[in-house]
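>>> no sequence on hand, only this structure:
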């Protein structure tokens, strides 16, 4: 067996299984992040009118929170048989790319078409695999402040292409459409693009430097997802959804 470590973040076993190390947070920070992202979702539901954009933002925040929550539960003593929490976590993180693509279309005033459908279909395929294939996720190990998940090595490259592919497409679309919109929708799209870049830049950099980290895309991203959550809550939502109440919403003052 050969193993590689990247700043303590990823530990990969070169066998028929790859161990993906989630080194982003200690369990207390995982729990705090879960609570924060759930709080963001509740705030958006309370503060803004219920529209398709609202539903997508809340869904993204909720799946981000579920991912953090499953990490905490795996090492917090509440364990289900058969790697249930691991499968729930992977399902949650797999939902983010199509939801982001769908949100970009709605923010730009575009009718969701074949591209959005393709993103959901590919998402469903990976959820089915990680959720039901016996060897997709075979186990996990909790250490002092990280978790390793054993995933089938055959899924690493397809899942990498799935995640990088849709995130790059989302980044391109937000940049392409933003300049043609009014200032509020333009700001919302640029904020979404900023969230994409907060996920893409660190993972791309690390993957280019250490090819062994291909299996660790969700692991690397989890430490930066709170940036996406904050932008969704305090920039995308207030720039694109009407308030339920006639008062000021919390809004980030960004240069766009």
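Cool, the structure landed. All of these numbers come straight from a predicted model, not from anything done at the bench. Residues are numbered from 1 along each chain as shown.
>>> excluding its backbone neighbours, what's nearest residue 115?
Take residue 115 and drop its neighbours on the chain: the residue closest to it by C-beta to C-beta, 6 or more residues apart in numbering is residue 101, 6.8 Å away. The C-beta positions use only the backbone N, C-alpha and C, and glycine is treated the same way.
>>> please report the distance of the one you found from residue 117.
10 Å (C-beta to C-beta, to the nearest Å).
>>> between the two, point out the one with more neighbours.
residue 101 (23 against 12; other C-beta atoms under 10 Å).
>>> now the helix or strand containing the more buried one: average pLDDT?
Assigned by DSSP states H and E, residue 101 belongs to helix 96-107. Across helix 96-107, pLDDT averages out at 97.
>>> ok, residue 118 - how many residues close by?
Counted with other C-beta under 10 Å, residue 118 comes out at 14.
>>> nope, residue 49 is what I was after
By the measure other C-beta under 10 Å, the count of residues near residue 49 is 10.
>>> contacts only, for the nearest residue to residue 46 once chain neighbours are set aside.
What sits nearest to residue 46 in space, not counting adjacent residues and going by C-beta to C-beta, 6+ apart, is residue 244, at 7.3 Å. Counting by C-beta atoms under 8 Å, 6 or more residues apart in numbering, residue 244 touches 46, 47, 48, 49.
>>> if we can go back for a sec, measure the residue nearest to residue 115 to residue 110 for me?
Residue 101 sits 11 Å away from residue 110, taking C-beta to C-beta as the criterion.
>>> can you check which residues contact both of these two?
Common contacts of residue 101 and residue 110 (C-beta under 8 Å, 6+ apart): none found.
>>> closest one of the contacts of residue 244 to residue 128?
Using C-beta to C-beta, the shortest approach to residue 128 within those belongs to residue 48, at 32.8 Å.
>>> returning to what we had before: contacting residues around the helix holding residue 101?
Outside of helix 96-107, the residues within contact range by C-beta under 8 Å, 6+ apart are 52-53, 56-57, 59-60, 63-64, 111-112, 115-116, 119-120, 122-123, 162-163, 166-167, 169-170, 173-174, 177, 181, 185, 188-189, 192, 195-196, 236, 240.
>>> emit the ChimeraX select command for whichever of those are buried.
Listed next is the ChimeraX selection for buried residues among the contacts of helix 96-107, using 16 or more other C-beta atoms under 10 Å:
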select :53,56,57,59,60,63,64,115,116,119,120,122,123,162,163,166,167,169,170,173,174,177,181,185,188,189,192,195,196,236,240
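>>> for the stretch 101-250 of the chain, give me the ranges with low pLDDT.
Where the stretch 101-250 of the chain drops to pLDDT under 70, the residues are 139-149, 206-207, 210-223, 245-250.
>>> the strands in it, which residues?
Counting by DSSP state E, counting those that start in this stretch, residue ranges of the strands within the stretch 101-250 of the chain are 137-142, 147-152.
>>> do a quick rundown of the helices in the protein.
Under the criterion DSSP state H, the chain contains helices at 27-47, 52-75, 84-94, 96-107, 114-132, 156-178, 183-209, 217-222, 225-231, 237-240.
>>> wait, which of those is closest to residue 150?
helix 84-94 (8.8 Å).
>>> list the helices and strands the closest one packs on?
helix 52-75, helix 114-132, strand 137-142, helix 217-222 (3 or more C-beta pairs under 8 Å, 6 or more residues apart in numbering; DSSP states H and E).
>>> and residue 201, how many residues sit next to it?
Neighbours of residue 201 under the rule other C-beta under 10 Å: 11.
>>> right, I mislabeled it, should have said residue 133
The burial count for residue 133: 12, using other C-beta under 10 Å.
>>> same question, residue 205
Residue 205: 11 neighbours (other C-beta under 10 Å).
>>> try residue 202
So residue 202, with other C-beta under 10 Å, has 15 neighbours.
>>> residue 208 now?
Look at residue 208: counted by other C-beta under 10 Å, it has 9 neighbours.
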